[in-house]
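Q: below is the structure, and that's it, no one-letter string:
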């Protein structure tokens with residue numbers, strides 16, 4: 001762990017210092033040349049880039065994976081692991097189902113009615129990362145909300161291994177969700193292919209899913225051409241510890257997030273100095289004994305009181321926030337910006353990453369100030385429906401005419417007044 005102590009300077013200044021420090025680990029990437037290549041070269045370029053970056057031993061002959069391969073992968077999953085996948089899928093679906101809004105109608109005093117309803121986008125592209133590990137959980141987290149939203153076409157992209165094949169667990173998760181359109185492609189090139197289309201791949205309307213810096217910057221580049229869920233960067237965790245927090249539990253929680261990579265910022269906050277010291281020592285010991293834990297940045301912040309810790313969390317807007325505090329149930333109501341809050345000593349972020357039912361695709365880098373978890377709403381858009389009868393037109397025409405003429409659009413006013 002790359003551990004550093006931060007002096008308390010107030011919530012906003014300390015949060016800014018933490019963000020700047022975390023940004024030092026972020027690589028600088030330029031995805032524009034890749035976008036040009038994919039738009040100009042289509043499938044052929046995608047296959048070349050896949051062979052260059054992912055399928056280094058055996059390049060796939062085609063981008064699309066046959067559905068039968070996914071079904072075979074699901075059938076081969078060990079029973080206990082399949083039960084875990086099914087439990088995770090059921091919980092994610094239950095939470096997603098609860099988020100579907102019914103239409104809203106407002107009848108206004110002048111006699112008109114305005115109805116706002118939601119409809120699903122036509123096609124969604126979901127991205128499941130590869131690289132350090134396989135992420136069947138990300139397939140569940142993205143595909144299920146899209147399906148609950150009512151999306152007709154869901155296309156999955158994930159980078160193949162060096163042998164040119166997708167990981168069996170990614171395929172199994174796709175089959176479990178009923179996703180049949182699967183592509184062996186990763187990185188920025190996969191995002192550009194989903195956004196712009198190629199000979200094989202039809203363009204989608206929304207792209208969702210986590211990824212590395214190249215994936216994030218590609219999503220930034222296509223935002224506006226398609227919808228995106230968020231600009232999710234490296235996984236991050238802020239942990240607020242109390243006097244009774246078990247240092248070993250806290251250390252495991254911090255190191256669990258460090259398994260995502262060396263760019264994942266970790267922040268431990270406490271009022272008592274001895275609590276911070278115990279967590280720091282335990283974290284170093286846990287990390288040293290577990291090869292999967294990367295050399296991630298760990299920040300230690302001592303605050304004057306619990307209220308200051310909550311203020312820091314709101315200013316920092318962490319992706320994950322753990323309240324390992326005896327008053328966690330009272331403090332959680334004051335949290336406003338975290339992507340997901342885990343309440344109480346048993347609330348490990350790992351549960352949310354897999355089986356709790358909450359979504360693990362969350363805003364990072366402070367984006368929790370204006371965005372939230374992936375859900376069905378990511379794949380739906382609102383439509384306004386306005387019903388104006390003769391009585392309402394008579395009442396509304398004069399004020400509409402007045403406003404239109406004030407803005408310099410007299411024909412707008414005429415269009416309203418003629419219906420009076």
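A: Good, I have the coordinates. Being a predicted model, the structure only gives us computed values, none of them experimental.
Q: separation between the nearest residue to residue 329 once chain neighbours are set aside and residue 328?
A: Distances taken as Cβ to Cβ, 6 or more residues apart in numbering place residue 343 nearest to residue 329, at 6.1 Å, with adjacent residues excluded. To be clear about C-beta, it is placed using only N, CA and C from the backbone, and glycine gets the same treatment. Taking Cβ to Cβ, to the nearest Å as the criterion, residue 343 is separated from residue 328 by 5 Å.
Q: what does residue 411 give?
A: The gap separating residue 411 from residue 328 is 60 Å, by Cβ to Cβ.
Q: more crowded one of the two?
A: residue 328 (19 against 9; other Cβ atoms under 10 Å).
Q: so the more buried one sits right up against residue 335, yeah?
A: No: applying Cβ atoms under 8 Å as the test, residue 328 and residue 335 come out as separate, 10.0 Å apart.
Q: what number of residues lie near the residue nearest to residue 329?
A: Applying other Cβ under 10 Å, we find 17 residues neighbouring residue 343.
Q: cool, and residue 100?
A: Residues near residue 100, counting by other Cβ under 10 Å: 16.
Q: if we ignore the residues flanking it in sequence, what's nearest it?
A: Excluding the flanking residues, the one nearest residue 100 by Cβ to Cβ, 6+ apart is residue 376, at 5.7 Å.
Q: list the residues that contact the residue nearest to residue 253 when sequence neighbours are not counted.
A: Sequence neighbours aside, residue 348 is the residue nearest to residue 253 in space, at 5.4 Å (criterion: Cβ to Cβ, 6+ apart). By Cβ atoms under 8 Å, 6 or more residues apart in numbering, the contact list for residue 348 reads 249, 252-253, 256, 322, 342.
Q: farthest-apart pair in those residues, please.
A: Spatially, the most separated pair among the contacts of residue 348 is 252 and 342, at 13.3 Å (Cβ to Cβ).
Q: which of the two has more residues huddled nearby?
A: The neighbour comparison of residue 252 against residue 342 (other Cβ under 10 Å) goes to residue 342, with 25 against 17.
Q: nearest residue to that one other than its sequence neighbours?
A: Nearest to residue 342 is residue 322, by Cβ to Cβ, 6+ apart, at 4.7 Å.
Q: contacts only, for that neighbour.
A: 237-240, 253, 341-342, 347-349.
Q: same question for residue 79.
A: With Cβ under 8 Å, 6+ apart, residue 79 has no contacts at all.
Q: ditto for residue 232
A: Per Cβ under 8 Å, 6+ apart, neighbours of residue 232: 210-211, 216, 319, 361-364, 367.
Q: are we agreed that it is in a helix?
A: No: with DSSP: H, G, I helix; E, B strand; the rest coil as the criterion, residue 232 is coil rather than part of a helix.
Q: which stretches of the stretch 101-250 of the chain form strands?
A: 104-107, 113-120, 123-127, 153-158, 181-184, 206-208, 227-228, 237-241 (DSSP state E, counting those that start in this stretch).
Q: if we ignore the residues flanking it in sequence, what's nearest the spatially most central residue of the chain?
A: With distances taken as Cα atoms, centre = their mean, the residue of the chain nearest its centroid is residue 361 (2.8 Å). In this structure, residue 361 finds its nearest non-sequential neighbour in residue 374, 3.7 Å apart by Cβ to Cβ, 6+ apart.
Q: then residue 96?
A: Here the residue nearest residue 96, using Cβ to Cβ, 6+ apart, is residue 148, at 4.1 Å.
Q: for the one you found, which residues are in contact?
A: Contacts for residue 148 (Cβ under 8 Å, 6+ apart) come out as 93, 96-97, 99-100, 376.
Q: please list only the buried members of the residues you listed.
A: Buried residues within the contacts of residue 148, counting neighbours by 16 or more other Cβ atoms under 10 Å: 93, 96, 100, 376.
Q: tell me which two in the residues you listed are the farthest apart.
A: Applying Cβ to Cβ across the buried ones among the contacts of residue 148, the maximum distance is between 93 and 100, 11.3 Å.
Q: mind splitting the protein into its structural domains?
A: Per the record, the chain has its domains at 2-26+234-356, 32-233, 388-417, by automatic domain parsing.
Q: any figure for the gap between the closest residue to residue 419 other than its chain neighbours and residue 97?
A: Closest residue in space to residue 419, ignoring its immediate chain neighbours: residue 393 at 4.3 Å, by Cβ to Cβ, 6+ apart. Going from residue 393 to residue 97 by Cβ to Cβ gives 40 Å.
Q: ok, now residue 379?
A: Distance from residue 379 to residue 97, counting by Cβ to Cβ: 14 Å.
Q: now do residue 233
A: According to Cβ to Cβ, residue 233 and residue 97 sit 29 Å apart.
Q: also residue 120?
A: Taken as Cβ to Cβ, the span from residue 120 to residue 97 is 14 Å.
Q: residue 336 should be in a helix, yeah?
A: No: applying three-state DSSP, one finds residue 336 to be coil, outside a helix.
Q: what's it sitting at in phi/psi?
A: phi -120, psi -20 (degrees, to the nearest 10).
Q: how about residue 380?
A: Dihedral angles (degrees, to the nearest 10) for residue 380: phi -130, psi 150.
Q: residues contacting the nearest residue to it once chain neighbours are set aside?
A: Among residues not flanking residue 380 along the chain, residue 118 sits closest, at 4.5 Å (Cβ to Cβ, 6+ apart). Residue 118 makes contacts with 100-101, 103, 377, 380-383, as judged by Cβ under 8 Å, 6+ apart.
Q: now the buried members of the residues you listed.
A: For the contacts of residue 118, a neighbour count by 16+ other Cβ under 10 Å gives the buried set as 100, 377, 380.
Q: can you lay out those as JSON lines showing distance to residue 129 and pLDDT?
A: What follows is those, written out as JSON lines (distance: Cβ to Cβ, whole Å; pLDDT from 0 to 100):
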{"residue": "100", "distance to residue 129": "27", "pLDDT": "92"}
{"residue": "377", "distance to residue 129": "23", "pLDDT": "95"}
{"residue": "380", "distance to residue 129": "24", "pLDDT": "96"}
